[in-house]
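[1] I'll drop the sequence and a predicted model, then ask my questions.
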Amino acid sequence: MYGTEVIDPDVPLNAAESADYDAALAGSAAAGERPAHASFDALIEADQRVEPRDDMPSAYRKTLIRQIAQHAHSEVIGMQPEGSWVTRAPSLRRKAILIAKVQDEAGHGLYLYSAAETLGIDRAELLDMLHDGRQKYSSIFNYPTLTWADCGAIGWLVDGAAIMNQVPLCRCSYGPYARAMIRVCKEESFHQRQGFEILWNLMRGTDAQRAMAQDAANRWWGPALMMFGPHDTGDAAQGGGHTEQSMAWGIKRFSNDDLRQRFVDMMVLQADRLGLTLPDPDLRWNEERGHWDFGAIDWDEFRRVLKGDGPCNAERISHRRRAHDEGAWVREAATAYAAKQAARATSATRSTDRLHAAEPAA
Ligand code: 3HC
C-alpha cells in the first residue's frame, strides 16, 4: 500500500533476462510477419522493458516524453506549496522533516528529467516547454497552502494519490522510467506517512487544531481526486484520452478511474482512523460493487485549472521562471567548469601522447 513492496525480485526486469522476448519474436517470424518495430512489439507482448537504444515507434517515444516531462515538472513545481512552510513549520523537528521532503521532490524531478533525456530530448528544452505553457504539470499544485494543516493534507491526500498512481509505473514498459519510479515510490511512502502523522497530531489537539485539519481535508479532497485525470472507463473510454493506447503499450497499467476508486477505498478507512470526515455526502459502501461510491467530480474546475485559471497557476509559474532565471549563472558556471575540465583532460592526454611518441622504441 505504501509503495515499498512494489517490485517482485524474481520477475526479470530486462528482456535479456527472459526467454519470453525471444519466444514472441520467433512467433512473429514464424508467422511470416516482420512488421515495422517487430522487436518493440515483441518486447511489449512479452511484457519486458524497452530500453533507450531499442527500436520504438515515434508515438511511443512522444507519449513517454509528454508523460515523464509532465511528471518531472509536477515534482519541481510541487516543491512550492510546501516550500513556503519551511520557515513556518511549528517546530524544529517539523522544519527538518519538511526540508527533507521538499528536497526529495527536487530529487524526483532530477531522476525524471534524466529518464526523459534518455528518449533524446534535452532538459533545457523541457523546461522551456514548461515555462511557456507547452507542457503541463499536475493540476493539484495550483491550490494554496493556507494553514499548517495543509502540509498534512498534502502529505496524506496528495502524496497518497501520487503513490496510488505511481506504484504501477514501477512496472512501466520503459526501463529508465520504471527504475526511477522504484526510488520515487519509496520516498513518497515516507511523505504520505508524515502527512498522516501531522493530521493525526492535529486531530488529537485542541478544537481549533481539529477544525484546521478538517478544513484542509475539505479543500484538498476534490483536487486530489482530479489528480488521477479525466474519466477513462465506460462511455468516457471513447473520450479521446491517452489511456487505451498507453495501456496497450504497458506505460499505464490501470485506468485513471480504477486508480481513483482504489484511492477512495483506501482513504475512507484512513479518514476514519484519523477522525476526519471526507467532504462528500454521496460516499457510501456499495455491497454489490465491493467499493465505496462517491459523488461527482467538478470537471469544470479541473478544466479551468488546466487552462491556467486555478487559484495559484500564475504565481507558481512566475516563481518557477524567476528561480530559473536567477539560477542561470549557476548553470553557466557549471558549464564553463566542465569545459575547462574537458580541455585540461584533452591537453593532458596530448602531452602524454607526445611523451610516448618521443620515447625511443624498446
Ligand atoms: N493535471 C494536469 N493534467 C492532467 C491531469 C492532471 N492531474 N490528469 C490528466 N491530465 C492531462 C493529460 O496530460 C492529458 O493532456 P493532453 O491531452 O494535453 O495530452 C489529458 O489531461 C488527458 O488525460 P489522460 O488521462 O488521457 O492522460 P495520461 O494518459 O497522461 O494520464 C496521468 C494522466 C494519470 C496523470 C498520467 O500522465 C500519469 O500517470 N503521470 C505520471 C504521474 C504524474 O505525473 N503525477 C503528477 C503528480 S506528481 C506528484 O504528485 C508529486 C508528489 O511528490 C506529490
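    Yep, that arrived. Numbering: from 1, shown residues only.
[2] For the stretch 151-300 of the chain, which segments count as helices?
    159-166, 175-203, 207-226, 243-248, 256-274, 299-306 (DSSP state H, counting those that start in this stretch).
[3] Quick one: distance of the longest one to the chain centre.
    Read it as helix 175-203. 11 Å (Cα atoms, centre = their mean, to the nearest Å).
[4] So the residue most central in space within the chain versus the ligand, what's the distance?
    Against the mean C-alpha coordinate of the chain, by Cα atoms, centre = their mean, the closest residue is residue 71 at 4.2 Å. Relative to the ligand, residue 71 is positioned 3 Å away (criterion: Cβ to the nearest ligand atom, to the nearest Å). For every residue, glycine as well, the C-beta is placed using N, CA and C.
[5] ok, for that residue, nearest residue in space, not its chain neighbours?
    residue 112 (5.4 Å; Cβ to Cβ, 6 or more residues apart in numbering).
[6] can you pull the contacts of the one you found?
    68-69, 71-72, 75, 177, 180, 184 (Cβ atoms under 8 Å, 6 or more residues apart in numbering).
[7] How about residue 311?
    Contacts of residue 311 (Cβ under 8 Å, 6+ apart): 142-144.
[8] do the same with residue 149
    Contacts of residue 149 (Cβ under 8 Å, 6+ apart): 198-199, 202, 209, 212-213, 215-216.
[9] Can you flag the buried ones in the residues you listed?
    198-199, 202, 209, 212-213, 215-216 (16 or more other Cβ atoms under 10 Å).
[10] For the residues you listed, give me CSV that also has distance to residue 348 and pLDDT.
    Listed next are the buried ones among the contacts of residue 149 as CSV, based on distance: Cβ to Cβ, whole Å; pLDDT from 0 to 100:
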residue, distance to residue 348, pLDDT
198, 54, 98
199, 58, 98
202, 60, 98
209, 63, 98
212, 62, 98
213, 61, 98
215, 63, 98
216, 58, 98
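[11] Now pLDDT too, for the contacts of residue 112, in TSV please.
    Below are these laid out as TSV (pLDDT from 0 to 100):
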residue	pLDDT
68	98
69	98
71	98
72	98
75	98
177	98
180	96
184	95
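[12] Looking at those residues, which one is closest to residue 250?
    residue 177 (10.9 Å; Cβ to Cβ).
[13] For the residue lying closest to that closest one once chain neighbours are set aside, give its distance to the ligand.
    Excluding the flanking residues, the one nearest residue 177 by Cβ to Cβ, 6+ apart is residue 115, at 4.8 Å. Taking Cβ to the nearest ligand atom as the measure, residue 115 falls 11 Å from the ligand.
[14] rewinding a little: got the confidence number for the residue nearest to residue 71?
    Residue 112 is assigned a predicted lDDT (pLDDT) of 98.
[15] quick one: the strand or helix carrying it to chain centroid distance?
    Taking DSSP states H and E as the definition, residue 112 sits inside helix 92-117. Mean-position distance between helix 92-117 and its chain equals 12 Å (Cα atoms, centre = their mean).
[16] Need the buried ones among the contacts of residue 149 in a markdown table (columns: distance to residue 86).
    Shown next, in a markdown table, are those (distance: Cβ to Cβ, whole Å):
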| residue | distance to residue 86 |
| --- | --- |
| 198 | 14 |
| 199 | 19 |
| 202 | 18 |
| 209 | 20 |
| 212 | 19 |
| 213 | 20 |
| 215 | 22 |
| 216 | 18 |
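[17] Tell me which two of the contacts of residue 112 sit farthest apart.
    69 and 184 (14.9 Å).
[18] Quick check, residue 99 in contact with residue 86.
    Yes - applying Cβ atoms under 8 Å, one finds residue 99 in contact with residue 86, separated by 5.7 Å.
[19] Show the pLDDT at the nearest residue to residue 276 once chain neighbours are set aside.
    Leaving aside its sequence neighbours, residue 276 sits nearest to residue 217 (Cβ to Cβ, 6+ apart; 4.9 Å). Looking at residue 217, its pLDDT stands at 98.
[20] Equivalent analysis for residue 331, please.
    94.
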